[in-house]
Structures are given as structure tokens and as C-alpha cells.
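> how would this look folded up:
(one chain, ligands or ions: 1)
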Amino acid sequence: MLGLMQDRPLSLPHVFHRAERMFGHKRLITASPAGERETTVAEWAVRVRRLATVLDDLGVSADGRVGTFCWNTDRHLELYLAAPCTGRVLHTLNIRLFPEQLVYVANHAEDEVVFVDRSLLPVLWPVVDQLETVRTIVVIDDGADAEIPSDPRVRDYEELLAAAEPFAGRFSVEDENAAAAMCYTSGTTGNPKGVVYSHRSAVLHSMVTLTADAFGLAERDVVLPVVPMFHANAWGIPYGALLAGCDLVFPGPNMSPAAIASQLERHRVTVTGGVPTIWMGMRPLLADHDLSALRAIICGGSAVPRALSEAYREAIGLPMLHAWGMTETSPIATVSTPRSHHAGWTEDQRADARARQGQAVPFVELRIADPDTGEEMPWDDEASGELQAAGPWIAAEYYRGEGGGAQFTADGWLKTGDVAAVDRWGFVRLVDRTKDLVKSGGEWISSVDLENEIMAHPAVAEAAVIAIPHEKWTERPLACVVVKPGESLTADELLEFLAPRVAKWWLPDAVEFIDEVPKTSVGKFSKKTLREKFDGYSLPS
Ligand code: ADP
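Numbers count the residues shown, from 1 in each chain. Next comes the predicted model:
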């Protein structure tokens, strides 16, 4: 017997029409080199409708890939809806990729047009001639003074919009499994791999960002996504915020801690999100800003140091809201909201719970598997194994089968490349990335745990631990440490501090003081760069 309910597609046009119809009065605020711009969702919606016509006028094919090379702005949000609502596929290009990777992904996705912020033209233009399928470059003038090349391929965003009639009907995408957007993994090994989101996956994922034990996005929220819109769709925040009817504040090109802190304060932002490095940078500014409107600082992308979360709790009464995911998981897979079983816990125990990545959100299934046998392991918080994920917004394969099936199990689960233990409540504790574990004498040392302990030292600004090959033990840890300005610290002092906090055999064999931990294109610690830097390093015997 079949259910007798209406079979309506779960597709992004609903997100657009809902926002246009009900939330036209809500605000979109964007910082740009020309100053701050405030507009309404109603004005934005008309522009989305014009942009739909522009995509037709430019001859972008029915499911053509629409590249964006943009900061977080209201204009980018226009593209976020106009492309998928007209059946095209939004392809957010990572503005920090190396030129050869940028060329690779644009060609691999066969982008037909690229929309670029004027301030980013100097980054994109040098590779334009290598973009094989791109016919048009549309410049969004954000008030930067970068020179606009006179070239027949170059068009002006505002001119195109002004000349286009707003699309008058209702957007419709009937096949919910059609592609809506794509995003390439940043490719720490090999070529970046294309993850293709469907309308259905994007809609379901947005719905989850509205649930109370995830981000709980609500109409009365004012949301500022610091996480880039080219990084896994800014963690689903833009679509979620439109669906809920939130005000949105966009940082534009100026991502400095001072600029972010000032926007958070001035606009009484309630929910924000970004990788730990952003919040580490903002930490010294907390005392000078009134951030009392904030109710959630979503933090993920790499492990959230316990000390960082605690520093925020002490300074502004609000710890980080820890979440875990990957480009392949849309990305929200787990969120570490407080639970009833934490109620009787001490502040210290709760801080430990917050340092965990959290519980799988509804419809995401997780398991840990023995790396050698593939056998599922128990959720006892002791056993750790490879974290695997399944669910309606988890990738089933990569675009054009690239990267092979190696990252998927025979029964179709995604192998995340992360190693985790899970407690009996299903709270995940990420031990490390498989490739970052330090394999010492047949045992694992978690670089993440070690970094957490090092970063708990008051003189340490940031720290990364990498494995150095070792004749006897296979690998041993090297700590790369950045000392806070004006502080001093010696290797012996640090080791003395660590001694009571970690197992003896975990103590780093050496400590190197560096100026900064190198970062990836999305602001995570780049251990790959550190490993290259310390290639051939000889540990004291
Ligand atoms: P990249 O592989 O380039 O970092 P992603 O942004 O997709 O691209 O990163 C996903 C990975 O980031 C995860 O597999 C995990 O290793 C790491 N990660 C994400 N969130 C967290 C978190 N909260 N704690 C620890 N690691 C995290």
C-alpha cells in the first residue's frame, strides 16, 4: 500500500519563494570596500529574478555550471539561488586555491561563466585564458580599485541586471535529485574531487540547520557566516537562514578579526560560524566589544581547542558550538549541543563534552570501523576506528567517478578519513585524521589531543603536532609552537607543563618555535606544509 501524500519535490525554489513571500522585510547587510550596504530580502528577490534572466541572456545551458569567485556577500547570495532555481549548477570556486588547482576544477566542472568580485579579479584574471569552457566573466563591482580588463569576455554585473527583465513566474525544479551545486574538496592529496549536491540534499540539509539541537536557526536570528560561501556552502547557513527568515550579515572581503568583531557588535548578531583560526584571532578583542546578543558561535572544520572554547566562555559567557563535517557531508554531520545527560556535570566535564564533535544530526548515520578488518567497533568511548557516514546529504561518489571508490565502502558508506571514538550517547570524539596520527611503537598518538594540551599553555598562541619518522618507534611527535606576542617559552618549560597532562610516551621528542602555523585555503592548519618544512628533520636521540 502506498502513502497518499502529495509528491512535491524537495527543491531550492521553495527556499526562494518562501523568503520572497514571507521575509521580504528582513535585512541583508554586506561590508564592502565601498562601505556597508543594507538591502532587504524583497529587493534581493527582485535581483535574483533579474539574474535568472541574465543567465538565459548569457546563453548558460540548461544545467550549465555557474562559477562564482566571490566573498561572502548579498550578491553571492543572489547567485546561490538564481543558478539552482533555473536548473543551473552553482559552482563555488575557492578563491585561495593554487592557480593550477583553480584551473583544474573550473575545467573539470566545465564552468561556462564565472562571476567574480572586482576585488578578486587580480587573482582570477592571470588564469582566465586557461579556463577552457568559460565564455563570460561577469565582474561584480564591490568598490575595489582593481583594474577591469577591456576584453570582450568581460561583462558588468549591474549592467546585465539593469538590462534584464525580472523572471516573472514561479521557479520550478521538478526532479529533486537534479544537481543544485558543486564544491571541490581542497585536495590535500591528489587533485581536488568534485562533490555534487542535489536539490533534495541541499533542502534536507538546510532543514537540519533549523533544528534546535543543530544550529536552531530561527526567524529572530541575525546570522553572520564567517565561514566562506565557497567552503561547503558556508556550512548550509545561507540556505538555512533564508528558509528560517533570519537577517544576514556578510563580512565581504575584510575578514580581519577587528572587522568581524565590529560587525558582530554593531548588528547585534545572534549566530555566527567559522573555523577555529578565526576565533583565535578574535580572542584578544573580546574585552572591547559588546557581544551580548550572540547565542551561538558555530565552530568546526578542524578540532576546536578546549582552551579556545573555554577562553570565550570566560570572556563572554559563551563557549563554541562544536560541529563536525566535510565537503562530502554537505557538511553538517554532528553538532555538540548541550544535552540532558550533561546537566549534573561539572563545568570541567561539560568543557570536555564541548570539545567533542557531538552527536549525529537526524538522518545522518555514523559508525566506526576497524581499519584493518572493516569490522564495526563498539560505542564505548574506548575503541577508536575509522569514522564512516551515510545519509541523504552524504556523497555517494565524486563527480565523474574521480578519486575512485576508495573512499566508499562496499555497502555505500563514506569513509571519512577521520579516526574517532564514540560514547554511549553517540557523541563523537575525533582522535585525528588518519594521515595525521603519530604511529609510535604500534600505538597511536593523537596529534589533536597533544595540540589541545599544548594550546592550553597560557603563553601558546597556536600549535601543531606532526609525525617525524623514527628508526626505533616508526614515528615520533614534533611540536611546532607559536608563542603569543610578548610572552616567552622554552622547550623544557613546555615539556614540564605537558608532563602531568599526557602519557609519558606522548611527550614530543622535540619542540620547534615557529612564527605561524601555515594554513590551508580554508584556514585550517596545513600539516602537509609543515611536514614539507620539516622533511628530513632529525630528532634528538
Ligand atoms: P579538507 O579535507 O580540505 O579539510 P573539508 O573542509 O571537507 O576539506 O574538511 C573535512 C575534514 O575536516 C574532516 O574530515 C575532518 O578531518 C576535519 N574536521 C572538520 N570538522 C572538524 C571538527 N569539528 N573537529 C576535527 N576535525 C574536523
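> find the residue closest to the residue of the stretch 101-250 of the chain found nearest the ligand in space, skipping its chain neighbours.
For the stretch 101-250 of the chain, the residue closest to the ligand is Ser186, as judged by CB to the nearest ligand atom, at 3.2 Å. C-beta coordinates here come from the backbone N, C-alpha and C atoms, glycine included. Closest residue in space to Ser186, ignoring its immediate chain neighbours: Ser521 at 5.3 Å, by CB to CB, 6 or more residues apart in numbering.
> then Val522?
In this structure, Val522 finds its nearest non-sequential neighbour in His231, 4.8 Å apart by CB to CB, 6+ apart.
> could you check the pLDDT of that neighbour?
Looking at His231, its pLDDT is 93.
> flag every residue of this protein that's near the ligand.
Taking CB under 6 Å from any ligand atom, the part of the chain that reaches the ligand is made up of 185-186, 188, 232, 300-304, 322-327, 357, 416-418, 430, 433, 522, 524.
> and the helix-or-strand element of the chain with minimal mean pLDDT, what does it pack against?
Least confident helix or strand, the chain: strand 443-445 with a mean of 88, by mean pLDDT, DSSP states H and E. Strand 443-445 sits against strand 438-440, with contacts defined as 3 or more CB pairs under 8 Å, 6 or more residues apart in numbering; DSSP states H and E.
> buried set for the strand it packs on?
Val438, Ser440 (16 or more other CB atoms under 10 Å).
> who touches that strand?
444-447, 450, 465-467, 470, 473-477, 505 (CB atoms under 8 Å, 6 or more residues apart in numbering).
> do the same with stretch 77-88
Stretch 77-88 is touched from outside by 12-13, 15-16, 28, 44, 47-48, 51-52, 54-56, 60, 62-66, 68, 70, 89-90, 115, 167, 171, 173, 178, 180-181, 199, 202, 229, 233, 238-239, 242, 248, 250, with contacts defined as CB under 8 Å, 6+ apart.
> now list the buried members of the residues you listed.
By neighbour count, with 16+ other CB under 10 Å, the contacts of stretch 77-88 hold 12-13, 15-16, 28, 44, 47-48, 51-52, 54-55, 60, 64-66, 68, 70, 89-90, 115, 167, 171, 173, 178, 180-181, 199, 202, 229, 233, 238-239, 242, 248, 250 as buried.
> what segments of the stretch 351-500 of the chain are helices?
Applying DSSP state H, counting those that start in this stretch to the stretch 351-500 of the chain gives helices spanning 447-455, 491-498.
> residues contacting the residue sitting nearest the centre point of the chain?
Residue closest to the average C-alpha location in the chain (CA atoms, centre = their mean): His231, at 4.8 Å. For His231, the contact set (CB under 8 Å, 6+ apart) comprises Asn94, Cys183, Gly301, Thr327, Val522.
> now those in JSON lines, with secondary structure, pLDDT and neighbour count?
JSON lines is the format used below for the contacts of His231 (DSSP: H, G, I helix; E, B strand; the rest coil; pLDDT from 0 to 100; neighbours: other CB atoms under 10 Å):
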{"residue": "Asn94", "secondary structure": "coil", "pLDDT": "95", "neighbour count": "22"}
{"residue": "Cys183", "secondary structure": "strand", "pLDDT": "97", "neighbour count": "27"}
{"residue": "Gly301", "secondary structure": "coil", "pLDDT": "93", "neighbour count": "25"}
{"residue": "Thr327", "secondary structure": "helix", "pLDDT": "96", "neighbour count": "21"}
{"residue": "Val522", "secondary structure": "coil", "pLDDT": "82", "neighbour count": "18"}
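> ok, back up a step: any of the residues of the chain next to the ligand buried? List them.
185-186, 232, 300-304, 322-327, 357, 416-418, 430, 433, 522, 524.
> which of the residues you listed fall within strands?
His322, Ala323, Trp324, Gly325, Thr416, Gly417, Asp418, Leu430, Arg433 (DSSP state E).
> farthest pair in the residues you listed?
Spanning the widest gap among those are His322 and Gly417, at 18.9 Å by CB to CB.
> gap between stretch 424-438 and the chain center?
Distance, stretch centre to chain centre, for stretch 424-438: 18 Å (CA atoms, centre = their mean, to the nearest Å).
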